[in-house]
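> Coordinates only, no sequence provided:
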């Protein structure tokens, strides 16, 4: 199976809403969706909100960033990713540059590594040299994905009564070291 990133658009409305509903039904945390879960009755409003967010001025309240659908050869959304192009002080503490997820019915196939690889390609395009990512300690699937692509554990912080691992990935180094593993899976 091969994948690519596309920017959210009206064509993917039903699939995007199905993705969120599947995640909710699965009982999974909702990550890397840029707030889409709050716009299930107003997908068009979410598109407008996200377009504004893409170009906002960085502040302590918000930073510019974009959403990406990871779609397969049949144009089904398999994963989602939110990339913040810069960080404010709050995000430097416990948010990071990249949030991602895989549709629950597609998990366990290694697709999130491809998702993160695609995200790092976007980071490189946006001039991000070192990407910060976080995952709760009780979510080994996420932090093992980070480690697989060269993530180095920086610290563990307490957040929401849980322990959160903070990683950094050297974007250029990771892309170079992993291109033979993941480029073959890209459309």
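Happy to help now that I have it. Remember, it's a predicted structure, so these values are computed and weren't measured experimentally.

> Every contact and neighbour count from this point should use C-alpha atoms.
Will do.

> where do the strands sit along this protein?
3-6, 65-72, 77-84, 98-102, 130-136, 152-159, 162-170 (DSSP state E).

> Next, format these as TSV and append mean pLDDT and distance to residue 27.
Shown next, in TSV, are the strands of the chain (pLDDT from 0 to 100; distance: least, C-alpha to C-alpha, whole Å):
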stretch	mean pLDDT	distance to residue 27
strand 3-6	98	25
strand 65-72	97	21
strand 77-84	97	17
strand 98-102	96	13
strand 130-136	96	16
strand 152-159	94	20
strand 162-170	96	18
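
> Of all those, which one is nearest residue 17?
Of all those, strand 77-84 sits nearest to residue 17, with 10.2 Å by C-alpha to C-alpha.

> and the angle from the closest one to strand 65-72?
On the basis of axes from the mean of the first three to the mean of the last three C-alpha atoms, to 10 degrees, strand 77-84 is oriented at 160 degrees to strand 65-72.

> Okay, angle between strand 77-84 and strand 98-102 too, please.
Per the same axes, to 10 degrees, the angle that strand 77-84 makes with strand 98-102 is 170 degrees.

> Which other helices and strands does strand 77-84 contact?
If you count contacts as 3 or more C-alpha pairs under 8 Å, 6 or more residues apart in numbering; DSSP states H and E, strand 77-84 packs onto helix 13-26, strand 65-72, strand 98-102, helix 111-125.

> Pull out the buried residues from the helix or strand of the chain with the lowest mean pLDDT.
Taking mean pLDDT, DSSP states H and E as the measure, the chain has helix 89-94 as its least confident helix or strand, at a mean of 90. Neighbour counts using 16 or more other C-alpha atoms under 10 Å place 91, 94 of helix 89-94 among the buried residues.

> How about residues contacting that helix?
60, 97, 132, 134, 157, 159, 164, 166 (C-alpha atoms under 8 Å, 6 or more residues apart in numbering).

> Among those, which pair sits farthest apart?
60 and 164 (21.3 Å).

> related to what we said a few turns ago, distance from the least confident helix or strand of the chain to the middle of the chain?
Its chain's C-alpha centre and that of helix 89-94 lie 16 Å apart, by C-alpha atoms, centre = their mean, to the nearest Å.

> what does stretch 19-38 give?
Worked out by C-alpha atoms, centre = their mean, stretch 19-38 lies 12 Å from the chain centre.

> Have a look at residue 60 and residue 164 and say which one is more surrounded.
residue 164 (21 against 10; other C-alpha atoms under 10 Å).

> got the contact list for the closest residue to that one other than its chain neighbours?
Leaving aside its sequence neighbours, residue 164 sits nearest to residue 136 (C-alpha to C-alpha, 6 or more residues apart in numbering; 4.2 Å). Counting by C-alpha under 8 Å, 6+ apart, residue 136 touches 143, 162, 163, 164, 165.
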